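> My questions are about this predicted structure, shown below with the sequence.
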Amino acid sequence: MSRTLLSRMARLVASLVLLALIASPAARAGQVRVTVGTPTNLFTPYAVNINLGDHVTWVWSANGHTVTTWKPPDDSLAVNYDLVNPVFDSDAGGTHFGQPATTRFSWKSDRLGHVPYVCVPHIPDMSARVIVSDPNITPVPVADFRITEVQYNVAAGLDLIEITNYGLATGNLGRYRFTTTGATTELVGPAGALSDIIVPSGGRVVVHLNVVGVNTNTDIFIASFAPGTGLPNTAGSLALYVPYSLAPGNSVSNTAMIIDFVQWGAGAQPNETTAATAGFWGATTFIPTVADGHSIEYCPNVDFDHGVSRWAEVATPNFGSDGQCLTPVRSDSWGRVKALYRP
């Protein structure tokens, strides 16, 4: 085979790999946050930069707004979106009078380039845009929330959950949802209508179940979470989802909204199918039940892979600090961002 033919074949393979990356974002996904309606009739920030496969989350601070893709007439960079066939629309099939201030909405990016959007009742004044980059070419630092430790066998259901921001940017964990057997719970921050939980890069948040306390940016207390029961003691699961309050997108079966999952004791626990379809977990795989007083902990590798092989039993729980199973791999570099999005 000639060198010319080999060279052409190599270029073809490289092109196909790049196309596959663009068509199928990796299971790892970051998140950015936009406030809807503050200041009055504005999106804040006006423009956000993300990687292909990342989520944008919108949280309403005022009534009467929508989040709907639309191409302004003078925007030559945007794909030709319209209000009839929007890429995303918080009021799909509705009246477009706008959603109430309690609304949460998220979109997992599935295309590159500029994605302009508006509040339909306030066109053209209330407009903004999402700019989606290929992380293998121009990676963007974003937040990346993961479940990193779980203690599910504490007496009286006083269980603990740790969530870590492995991304290279500060994130807002307020209004994220975690789901276990038959229960979905929103994470509510220290104060304010938006319930912000601000987590810096590398920061950790410990969620205390069935405990009364004052919420902060590092500790969240849920006073009544299946009182006396907490998380399942022998076989159970825990899934983490981005904020979403609108049906049917808020369903736990929505694979575009789940961002992490872990299960223990046995396979086929709640939300396993959603997690497996999204690429976060292997079907029927699970962490063996651990001894009382022990926890299960995520042990990251350089690619921050998901799945049962990255979890271990820890004899001495260490919520709020670095793990004991393996030294976490964090390097604030573009190389790490690229690794994070590698399939």
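Done, it's in. Numbers count the residues shown, from 1 in each chain.

> Could you pull out the strands in the stretch 1-150 of the chain for me?
31-36, 43-44, 47-51, 55-60, 68-69, 104-108, 113-118, 127-133, 145-151 (DSSP state E, counting those that start in this stretch).

> Rebuild those strands as CSV, extending it with mean pLDDT.
CSV is the format used below for those (pLDDT from 0 to 100):
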stretch, mean pLDDT
strand 31-36, 96
strand 43-44, 96
strand 47-51, 97
strand 55-60, 97
strand 68-69, 93
strand 104-108, 97
strand 113-118, 92
strand 127-133, 95
strand 145-151, 97
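
> Would you reformat the ones you listed as JSON lines and include distance to residue 88 and mean neighbour count?
For the C-beta atoms, the positions are set from N, CA and C on the backbone; glycine is no exception. JSON lines is the format used below for the strands of the stretch 1-150 of the chain (distance: least, CB to CB, whole Å; neighbours: other CB atoms under 10 Å):
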{"stretch": "strand 31-36", "distance to residue 88": "12", "mean neighbour count": "23"}
{"stretch": "strand 43-44", "distance to residue 88": "13", "mean neighbour count": "18"}
{"stretch": "strand 47-51", "distance to residue 88": "13", "mean neighbour count": "20"}
{"stretch": "strand 55-60", "distance to residue 88": "9", "mean neighbour count": "24"}
{"stretch": "strand 68-69", "distance to residue 88": "6", "mean neighbour count": "21"}
{"stretch": "strand 104-108", "distance to residue 88": "4", "mean neighbour count": "25"}
{"stretch": "strand 113-118", "distance to residue 88": "7", "mean neighbour count": "21"}
{"stretch": "strand 127-133", "distance to residue 88": "9", "mean neighbour count": "20"}
{"stretch": "strand 145-151", "distance to residue 88": "21", "mean neighbour count": "24"}
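
> a markdown table for these, including distance to residue 288?
Listed next are the strands of the stretch 1-150 of the chain as a markdown table, based on distance: least, CB to CB, whole Å:
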| stretch | distance to residue 288 |
| --- | --- |
| strand 31-36 | 31 |
| strand 43-44 | 46 |
| strand 47-51 | 35 |
| strand 55-60 | 32 |
| strand 68-69 | 46 |
| strand 104-108 | 32 |
| strand 113-118 | 44 |
| strand 127-133 | 40 |
| strand 145-151 | 14 |
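
> Domain parsing of the chain, as residue ranges.
Segmentation of the chain into domains, based on automatic domain parsing, reads 31-133, 145-340.

> what about the first one, start to end distance?
Read it as domain 31-133. 14 Å (CA to CA, to the nearest Å).

> And for stretch 215-231?
One end of stretch 215-231 sits 20 Å from the other (CA to CA).

> List the contacts of residue 179.
Residue 179 sits next to 185, 238, 239, 241, 252, 270, 271 when contact means CB atoms under 8 Å, 6 or more residues apart in numbering.

> what does residue 153 give?
159, 233, 290, 292, 293, 294.

> gap between residue 257 and residue 207?
19 Å (CB to CB, to the nearest Å).

> just to revisit the earlier point, residue 321: which of the strands of the stretch 1-150 of the chain is closest?
The closest of those to residue 321 is strand 145-151. By CB to CB, the value is 9.6 Å.

> Just the buried residues of the contacts of residue 179.
When neighbours are counted using 16 or more other CB atoms under 10 Å, the contacts of residue 179 contain these buried positions: 185, 238, 239, 241, 270, 271.

> Hmm, residue 237 and the fifth one touching each other?
What that stands for is residue 270. Yes: between residue 270 and residue 237 there is a contact at 5.5 Å, judged by CB atoms under 8 Å.

> who touches both of those two?
Common neighbours of residue 270 and residue 237 (CB under 8 Å, 6+ apart) are 180, 181.

> Just the pLDDT at residue 342, thanks.
Note on residue 342: pLDDT of 43.

> In a markdown table, list the contacts of residue 179 along with pLDDT and distance to residue 172.
As requested, those are arranged in a markdown table below (pLDDT from 0 to 100; distance: CB to CB, whole Å):
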| residue | pLDDT | distance to residue 172 |
| --- | --- | --- |
| 185 | 93 | 17 |
| 238 | 97 | 21 |
| 239 | 97 | 19 |
| 241 | 97 | 15 |
| 252 | 95 | 21 |
| 270 | 95 | 26 |
| 271 | 96 | 23 |
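
> Filter those residues down to the ones in strands?
Among those, the residues falling in strands (DSSP state E) are 185, 238, 239, 241.

> State the distance from the closest residue to residue 248 other than its chain neighbours to residue 231.
Counting by CB to CB, 6 or more residues apart in numbering, residue 254 is the residue found nearest to residue 248 once chain neighbours are left out, at 7.7 Å. To residue 231, residue 254 is 22 Å away according to CB to CB.
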